[in-house]
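Q: missing the sequence, but the structure's below:
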């Protein structure tokens with residue numbers, strides 16, 4: 001960045017150079033501080049160079065004390081020169097200032113010489129001015145009293161039109177970067193940058209200087225008149241200028257994306273010229289046969305600040321660039337040196353990041369996945385790490401998830417054989433990301449196997465992920481119980497309360513698994529050594545459902561009690577308290593053991609226990625068992641009711657542990673269609689996040705501390721009033737103005753996908769992340785103040801405004817804090833229950849106050865009827881048999897329409913699957929047709945649906961047509977689904 005840097009490096013390294021030279025025989029060379037190599041053949045010549053003499057004598061010091069003595073002597077000499085001789089010439093000042101700088105770099109304090117360094121700035125000699133700027137950049141504090149004098153000297157150099165002096169001045173501004181300098185030069189630096197007569201080297205320095213000032217004092221950097229001219233620097237002929245300008249534009253675009261939208265087309269054009277050119281065309285900027293790798297990476301990173309280009313020509317050109325980069329990755333290396341592969345892979349990985357960011361080209365996503373799969377077995381550890389990390393993000397895409405799953409065996413092998421713990425951790429992340437119903441049991445089994453030998457630093461995270469996967473994809477609930485108990489056995493110390501709480505909630509909510517759970521924990525407790533968490537689970541489940549296995553003589557009530565009580569004295573106080581509650585439950589379930597339990601409760605160890613909680617429980621439970629009648633006892637100690645449905649607290653804990661904006665958040669943003677293990681299929685859960693962020697890479701829909709707190713609280717959700725169209729989601733209610741203009745521009749994009757950005761402007765970014773389970777949804781709708789918002793953000797009201805009768809959708813919400821501080825995050829949970837098929841989607845209306853003015857934004861939420869599909873697999877015979885049964889005229893809707901996009905088989909398949917139906921291969925006699933089947937679940941009815949999409953592949957691209965036929969058991973459903981699906985092609 002600075003021409004002064006080589007000099008600084010020379011000063012730092014000069015001691016080692018002198019040592020090596022002094023140890024050699026004459027003739028030998030010394031490296032002089034003004035960047036000139038001076039040969040000396042005699043000791044007399046050395047003596048004539050004063051700086052060299054000082055360095056020579058310093059290096060000859062036999063001890064630390066001798067070196068300090070020589071330093072103090074030299075400091076006294078320099079101080080006397082500065083105070084005594086008022087007529088020092090420029091060379092002498094430079095010499096002494098250079099010595100002071102060197103002494104400072106040795107670790108000694110320098111408290112004088114600053115004014116002499118400032119005086120050097122007015123010199124017309126480059127070497128003197130260079131040493132002056134170097135001294136100021138290193139030693140002058142940003143709060144120094146000399147800043148004004150320095151600013152005046154810098155202004156003179158900037159107006160001198162001497163490119164060398166201008167570069168030195170710009171480097172000094174960037175190195176110091178104080179607010180006072182930003183105030184003084186915030187307008188001057190942009191003017192130099194965009195001036196037509198500025199030399200290329202000065203433009204580079206000006207761009208990087210402006211970048212530095214924007215990072216330290218962003219509020220002082222003027223925007224507006226020079227914005228478009230900075231963007232056009234991407235067309236500059238000098239690639240050094242383009243590289244520096246791209247760094248600047250990336251930072252500015254992250255804060256003000258709308259102001260720099262025009263940079264997308266220019267960046268694509270410049271990237272296209274780079275990737276399609278031969279290495280000889282950019283000879284000065286070719287690094288080991290890779291054309292301008294740094295610039296390519298920066299351009300790809302700039303494009304990640306924006307969504308895919310809307311212009312078809314620009315989008316096509318960008319796709320060609322990305323395909324070319326992927327093709328070059330397959331070519332044989334042009335050099336065996338590591339620099340070549342590093343540069344080549346840097347561009348490749350940034351291109352893959354852009355492909356993942358756009359998430360719109362299935363072909364590119366699959367190709368990127370295949371390319372990363374080759375790196376999984378590369379001998380270079382860093383490449384394997386990066387490949388695993390990138391594939392985690394690819395797994396979150398609906399288009400590439402299946403391609404990622406093909407590498408499951410390689411990832412499992414990496415988990416078992418990798419030496420580097422960080423690579424193994426990424427392998428765990430990837431297994432978690434690629435998991436679905438088809439491979440859940442295999443992945444969970446492999447994670448449990450690895451958990452026994454896993455590094456202690458990642459065990460807790462693996463435990464959380466295993467618990468989440470087991471819950472999320474549990475079809476056989478006995479497998480879920482076995483998995484969690486095995487998890488406790490293997491890594492009980494790392495099983496948090498959230499994990500064993502969750503398994504108890506699920507067992508209580510599932511009648512069909514209660515008996516199996518009781519039998520399983522009873523058998524597990526018979527082991528000689530049991531972890532305390534297993535005792536907690538066993539005590540709770542046997543206390544509630546021990547009667548289900550009491551008929552077996554091997555698990556009679558007395559045996560159950562003796563088994564639990566044998567663990568009592570080995571447990572901590574909270575576990576003992578839980579076991580006492582289990583004992584009193586036994587009195588209600590098994591009257592025959594009442595006397596035995598009362599004897600335990602009467603023991604002095606209980607009634608006189610030093611812990612007040614245990615003592616109080618023992619006394620109260622004993623009295624209750626003695627004086628209460630059988631009916632009262634049964635009422636007081638009745639079985640626990642089902643827990644209310646809520647998002648898993650385990651998932652919230654994992655996200656809190658990982659932090660927002662991580663790969664884990666991206667993994668969980670992928671749509672999953674799974675059955676709720678709590679057995680409750682009657683409502684939707686959604687989550688609104690209000691987030692003030694200062695980082696452009698912050699995860700739009702990540703869960704944070706607010707979510708964890710909300711989920712762990714015991715307060716019930718706020719149920720919407722059926723008489724009101726508005727549902728206030730904040731505790732501090734204010735009147736909500738009904739929306740007058742509803743934004744629907746991105747609504748259709750979410751018909752076949754469940755996560756992404758719904759709306760974005762300079763203040764807000766509103767996104768959606770959701771998961772649908774039959775007639776319920778678990779998801780996130782998020783409201784995020786933009787990166788330019790630094791102060792408090794007051795959300796006065798946020799609500800879902802329902803435009804249909806409440807008999808079709810039922811909406812529940814939870815309260816949240818209406819004030820969001822800078823850097824904080826706020827999330828809001830919506831529970832939406834689908835009662836009957838509907839047409840109009842609900843509306844999210846956000847009202848907030850920022851900068852003293854009220855803002856009102858209303859977005860159509862993409863909660864559409866097809867989201868409640870359950871895919872249904874059928875054979876060809878079953879499909880056409882059902883097709884004939886739905887042959888009534890009112891049950892069929894057919895539509896012929898012109899294709900809006902090019903016909904791509906893989907894209908069409910992905911959209912039909914994303915629509916919610918099962919894609920039935922080999923059912924239709926015409927292999928070009930697409931057939932799907934599914935069932936729409938509402939609380940009151942279930943509607944079967946069959947669809948058939950027939951593309952006219954023989955027509956020209958401009959005349960491509962589709963015929964879509966839908967048959968359902970309800971005519972309104974047929975019409976609504978046809979309208980939604982036909983709009984996607």
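A: Happy to help now that I have it. Just so we're clear, the structure is a prediction, and the values are computed from it rather than from any experiment.
Q: Doesn't residue 901 belong to a helix?
A: No. Counting by DSSP: H, G, I helix; E, B strand; the rest coil, residue 901 falls outside a helix, being coil.
Q: Show the contacting residues for the nearest residue in space to it that is not next to it in sequence.
A: Among residues not flanking residue 901 along the chain, residue 985 sits closest, at 6.7 Å (Cβ to Cβ, 6 or more residues apart in numbering). C-betas here are computed from N, CA, C, even on glycine. By Cβ atoms under 8 Å, 6 or more residues apart in numbering, the contact list for residue 985 reads 897, 899, 900, 901, 908, 911, 949, 962.
Q: Tell me what the last one is bridged to.
A: Per DSSP bridges, the residues bridged to residue 962 are residue 897, residue 951.
Q: Quick check, it in contact with residue 953.
A: No. Using Cβ atoms under 8 Å, residue 962 is not in contact with residue 953, being 10.3 Å away.
Q: With neighbour numbers in mind, choose between the two.
A: Per other Cβ atoms under 10 Å, whichever of residue 962 and residue 953 has more neighbours is residue 962, with 20 against 10.
Q: Could you measure from that one over to residue 932?
A: Between residue 962 and residue 932 the computed distance is 14 Å (Cβ to Cβ, to the nearest Å).
Q: ok, the closest residue to residue 593 other than its chain neighbours - how many residues close by?
A: Leaving out its chain neighbours, the residue that sits closest to residue 593 by Cβ to Cβ, 6+ apart is residue 557, at 4.9 Å. Number of residues near residue 557 (other Cβ under 10 Å) recorded here: 21.
Q: Can you tell me how far residue 557 is from residue 583?
A: Per Cβ to Cβ, residue 557 is found 11 Å from residue 583.
Q: With residue 272 instead?
A: Going from residue 272 to residue 583 by Cβ to Cβ gives 75 Å.
Q: And the two? Which one has more around it.
A: Using other Cβ under 10 Å as the criterion, residue 272 and residue 583 rank with residue 583 on top: 25 against 17.
Q: Now do the strands in the stretch 851-985 of the chain.
A: Ranges of strands within the stretch 851-985 of the chain are 853-860, 869-871, 892-898, 918-919, 930-937, 942-951, 961-968, based on DSSP state E, counting those that start in this stretch.
Q: ditto for the stretch 251-400 of the chain
A: 286-287, 290-291.
Q: What pairs with the first one, parallel or antiparallel?
A: Think strand 286-287. When pairs are called by DSSP bridges, strand 286-287 turns out to pair with strand 290-291 (antiparallel).
Q: If you drop the residues flanking it in sequence, what lies closest to residue 460?
A: Nearest residue to residue 460, sequence neighbours excluded (Cβ to Cβ, 6+ apart): residue 494, at 4.5 Å.
Q: surely that neighbour meets residue 455?
A: No. Residue 494 is beyond contact range of residue 455, at 11.6 Å (criterion: Cβ under 8 Å).
Q: Quick check on these two: which one has the bigger neighbour count.
A: Neighbour count, other Cβ under 10 Å: between residue 494 and residue 455, residue 494 has more, with 20 against 11.
Q: what number of residues lie near residue 617?
A: 22.
Q: Tell me if I'm right that it and residue 581 touch.
A: Yes. Between residue 617 and residue 581 there is a contact at 7.1 Å, judged by Cβ under 8 Å.
Q: for the stretch 1-150 of the chain, what spans make up the helices?
A: All helices of the stretch 1-150 of the chain, identified by DSSP state H, counting those that start in this stretch, fall at 5-23, 43-47, 50-59, 64-84, 90-105, 114-120, 126-139, 147-158.
Q: what does the helix or strand residue 598 falls within contact?
A: Assessed by DSSP states H and E, residue 598 sits inside helix 594-602. With contact meaning Cβ under 8 Å, 6+ apart, helix 594-602 is reached by 558, 561, 565, 580, 583-584, 586-587, 606-607, 618, 621-622, 625-626.
Q: Name the residues of it that come out as buried.
A: Buried residues in helix 594-602, counted by 16 or more other Cβ atoms under 10 Å: 594, 596, 597, 598, 600, 601.
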